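> Can you look at this prediction? I've put the sequence above it.
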Amino acid sequence: MHKHDELEAECCENTEVHEDLLQMVRSNMPEKEKLEDLAGLFKVFGDPTRIQILFVLFEAEVCVCDLAAALDMTSSAISHQLSFLKQNKLVKSRREGKSVFYSLADDHVRTIVAQGMDHVNE
């Protein structure tokens, strides 16, 4: 067996559409717009730096300077990623004097990342 063959999905030997299953799938399929939104959400998780930021925010509410130091990156690079995460409603911020502190937007973010990590560790 060639390595290429191992990567291909197995297919049925004959074509037969199971109408009852097809109807069930179609009736439960979310709207295309919702599926596109979900795909966009998962793209946000597709960057290792953003994942690192989320893991830091699992532990504590921090400012950009703390994140930059923790991840050994520039504040500018961190700010760019935080802006993207905030735009996608995964983090929130609050101002305290001259500092701005970031935290996870809600427990859904923690759950999504934790379940993804569980999957990777299986």
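That came in fine, so what should we check first? Numbering: from 1, shown residues only.

> got the CA coordinates for stretch 115-122 in PDB?
Output in PDB follows, covering the C-alpha atoms of stretch 115-122 (Å, rounded to 0.1, in the frame of the first residue of the first chain):
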ATOM      1  CA  GLN A 115     -11.400  20.500  24.700                       C
ATOM      2  CA  GLY A 116      -9.000  21.100  21.800                       C
ATOM      3  CA  MET A 117      -6.100  20.300  24.100                       C
ATOM      4  CA  ASP A 118      -7.800  17.200  25.300                       C
ATOM      5  CA  HIS A 119      -8.200  16.100  21.700                       C
ATOM      6  CA  VAL A 120      -4.500  16.800  20.900                       C
ATOM      7  CA  ASN A 121      -3.400  14.800  24.000                       C
ATOM      8  CA  GLU A 122      -5.500  11.700  23.200                       C
END
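
> Low-confidence stretches in the chain?
The chain contains residues with pLDDT under 70 at 1-6.

> Kindly list the longest helix within it.
Criterion DSSP state H: the longest helix present in the chain is helix 107-121.

> quick one: that helix to chain centroid distance?
Relative to its chain's centre, helix 107-121 lies at 9 Å (C-alpha atoms, centre = their mean, to the nearest Å).
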